[in-house]
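Novice: need coordinates for the below:
(one chain, ligands or ions: 3)
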Amino acid sequence: MQVSELTIPTPDDWHLHLRDGELLATTVPATAEVFSRAVIMPNLVPPVTTVELAQQYRQRILENRPHGNQFEPLMALYLTQNTALETVRAAAADPNIIGFKLYPSGATTNSDAGVTNVDGLDDVFAEMAKLQVPLLVHGEVTTADIDIFDREKVFIDRHLRPLLQRHPKLKLVLEHITTADAVKFVEEQGENVAATITPQHLLMNRNDLLVGGVRPHNYCLPILKRRDHQLELRRAAVSGNPKFFLGTDSAPHAQSKKETACGCAGCYSAPAALPLYAEFFEQMNALEKLADFASGFGADFYGYARATSCVTLVRKPWRVPETVMTAVGPMVPYWAGEILNWQLK
Ligand SMILES: NC(=O)N[C@@H](CC(=O)O)C(=O)O
Ligand SMILES: [Zn+2]
Ligand SMILES: [Zn+2]
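Specialist: Numbering: from 1, shown residues only. Ligands and ions are numbered 1, 2, ... in the order given. From the prediction side, this is the model:
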């Protein structure tokens, strides 16, 4: 029998870009109306590198939270080559800071200030391991000799395995994983290593980016991979392994910055985030696994209580809007113009 309603604990988004300024009026409610908590990515210009900057940013986010809403932003700090041990200690002491985000310099949107030499930060990683401050990782090498489709695998082999050998207790989340290699790596590591998976990497592969014309709104980083990799991600997401949990990586860019000769990377999935994951779990005949993936495993990993409130999805097909109007112009959401079977009640 087909279920027509699905109630799960209020989910958490463990990887989210809200941006800043006027756009917060759009991005904060879109997530706060569905999610209980979200990890807020720090790749602003300038980047959110200190506890003080994160507290100010968090305040701007809270100002855009709908009245009566309990949404809790959990701030990630931007790791640089100059991050001080003092900043690690300050982050550990602040309950609104969840950890540090490692962007290899040049890997993705606003990563110029990112890390140029991972091995040179061993003191910082040692302190993070000691204080159990999580390291969130955009796992791609950036050297020109490595093909864009191999960048995740090479990062794992060159940097992540050695890093965890040097710091076996480090709590680490490999963000937005896209390859069978990443799945295998996370499965092999101890309980201190986990991964987030986006809706686009579960629902699509590189054909959806390149066949029949280039689709800028399916372009994100790490780039969609071949179908074999997608199938491994799909398997991992429904496996019930608590190391794999929800992180949308919703990453809004203006339509004009996506539909252009040199388009930005990022899918704005927040307007349809939970229905997109429900679509995937239904395709896998595994809707009963959505609750742990969306609302359980991430909280367990990070050491938060699971939400006690609930959200209900109903089976009621709807079309994702072609555009969403924002203060900085129109944006094309991920899955625009396509049908989703589930929506929030
Ligand atoms: N995922 C993306 O393609 N883009 C993200 C950055 C990131 O998460 O790498 C963004 O900030 O636009
Ligand atoms: Zn990233
Ligand atoms: Zn991201």
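Novice: so which residues of the stretch 51-200 of the chain form helices?
Specialist: For the stretch 51-200 of the chain, the helices defined by DSSP state H, counting those that start in this stretch cover 51-63, 85-93, 122-131, 151-155, 161-166, 180-188, 199-203.
Novice: quick one: mean pLDDT for stretch 176-186?
Specialist: The average of the pLDDT scores along stretch 176-186 is 99.
Novice: likewise stretch 283-299?
Specialist: Average pLDDT, stretch 283-299: 98.
Novice: measure that stretch end to end?
Specialist: Counting by C-alpha to C-alpha, to the nearest Å, you get 25 Å between the two ends of stretch 283-299.
Novice: can you give me the buried ones in it?
Specialist: Buried positions in stretch 283-299, judged by neighbour count with 16 or more other C-beta atoms under 10 Å: 286, 287, 290, 291, 292, 293, 294, 295, 296, 297, 298, 299. Using the backbone N, CA and C atoms, a C-beta is placed for each residue, glycine as well.
Novice: can you pull the contacts of the second one?
Specialist: Contact analysis of residue 287 by C-beta atoms under 8 Å, 6 or more residues apart in numbering lists 3, 6, 278, 281.
Novice: among those, name the buried ones.
Specialist: The neighbour-count test (16+ other C-beta under 10 Å) marks 6, 278, 281 as buried among those.
Novice: now tabulate these in CSV and tack on secondary structure and distance to ligand 2.
Specialist: Formatted as CSV, these follow (DSSP: H, G, I helix; E, B strand; the rest coil; distance: C-beta to the ion, whole Å):
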residue, secondary structure, distance to ligand 2
6, strand, 29
278, helix, 24
281, helix, 23
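Novice: quick check, nearest of the residues you listed to residue 268?
Specialist: Using C-beta to C-beta, residue 278 comes nearest to residue 268 of these, at 18.2 Å.
Novice: residues in contact with residue 223?
Specialist: For residue 223, the contacting residues are 148, 149, 178, 206, 209, 265, by C-beta under 8 Å, 6+ apart.
Novice: show the pLDDT at the fourth one.
Specialist: Yep, that's residue 206 we're talking about. In this prediction, residue 206 carries a pLDDT score of 98.
Novice: relative to residue 283, how far out is it?
Specialist: Per C-beta to C-beta, to the nearest Å, residue 206 is found 18 Å from residue 283.
Novice: repeat that for residue 21.
Specialist: Per C-beta to C-beta, residue 21 is found 37 Å from residue 283.
Novice: the closest residue to ligand 2 within the stretch 201-345 of the chain: how many residues sit nearby?
Specialist: Here the stretch 201-345 of the chain gets closest to ligand 2 at one residue, residue 221, 5.9 Å apart by C-beta to the ion. Residues lying near residue 221 (other C-beta atoms under 10 Å) number 21.
Novice: now do the phi/psi pair for residue 84.
Specialist: Main-chain torsions, residue 84, degrees, to the nearest 10: phi -90, psi 150.
Novice: how about residue 224?
Specialist: Dihedral angles (degrees, to the nearest 10) for residue 224: phi -50, psi 140.
Novice: pretty sure it contacts residue 176?
Specialist: No. Contact criterion C-beta atoms under 8 Å: residue 224 and residue 176 do not qualify, at 10.9 Å.
Novice: between these two, what contacts are shared?
Specialist: In contact with both residue 224 and residue 176: residue 201, using C-beta under 8 Å, 6+ apart.
Novice: so residue 318: helix, strand or coil?
Specialist: Following DSSP: H, G, I helix; E, B strand; the rest coil, residue 318 is assigned to strand.
Novice: can you count the residues close to the closest residue to it other than its chain neighbours?
Specialist: Excluding its sequence neighbours, the residue lying closest to residue 318 (C-beta to C-beta, 6 or more residues apart in numbering) is residue 343, at 5.2 Å. Neighbour count of residue 343, defined by other C-beta under 10 Å: 15.
Novice: touching ligand 1 at all, the strand or helix carrying residue 31?
Specialist: In this assignment (DSSP states H and E), residue 31 forms part of helix 24-32. No. Helix 24-32 lies apart from ligand 1 when judged by C-beta under 6 Å from any ligand atom; the minimum separation is 11.7 Å.
Novice: quick one: that helix to chain centroid distance?
Specialist: In terms of C-alpha atoms, centre = their mean, to the nearest Å, the centre of helix 24-32 is set 16 Å apart from its chain centre.
Novice: that helix packs against which elements?
Specialist: Under the contact definition 3 or more C-beta pairs under 8 Å, 6 or more residues apart in numbering; DSSP states H and E, helix 24-32 sits against helix 51-63, strand 324-326.
Novice: neighbouring contacts of that helix?
Specialist: Contacts to helix 24-32, defined as C-beta under 8 Å, 6+ apart, come from residues 13, 16-19, 38, 60-61, 63-66, 69, 71, 250, 252, 270-271, 273, 324, 326-327, 331.
Novice: what do you get if the cut-off is 7 Å, keeping everything else the same?
Specialist: The contact list for helix 24-32, computed with C-beta atoms under 7 Å, 6 or more residues apart in numbering, reads 13, 16, 18-19, 38, 60-61, 64-66, 69, 71, 252, 270-271, 324, 326-327.
Novice: give the other helices and strands that whatever helix or strand comes next after that helix contacts.
Specialist: The helix or strand immediately downstream of helix 24-32 is strand 37-40, counting by DSSP H and E. Here strand 37-40 touches strand 12-16, strand 72-78, going by 3 or more C-beta pairs under 7 Å, 6 or more residues apart in numbering; DSSP states H and E.
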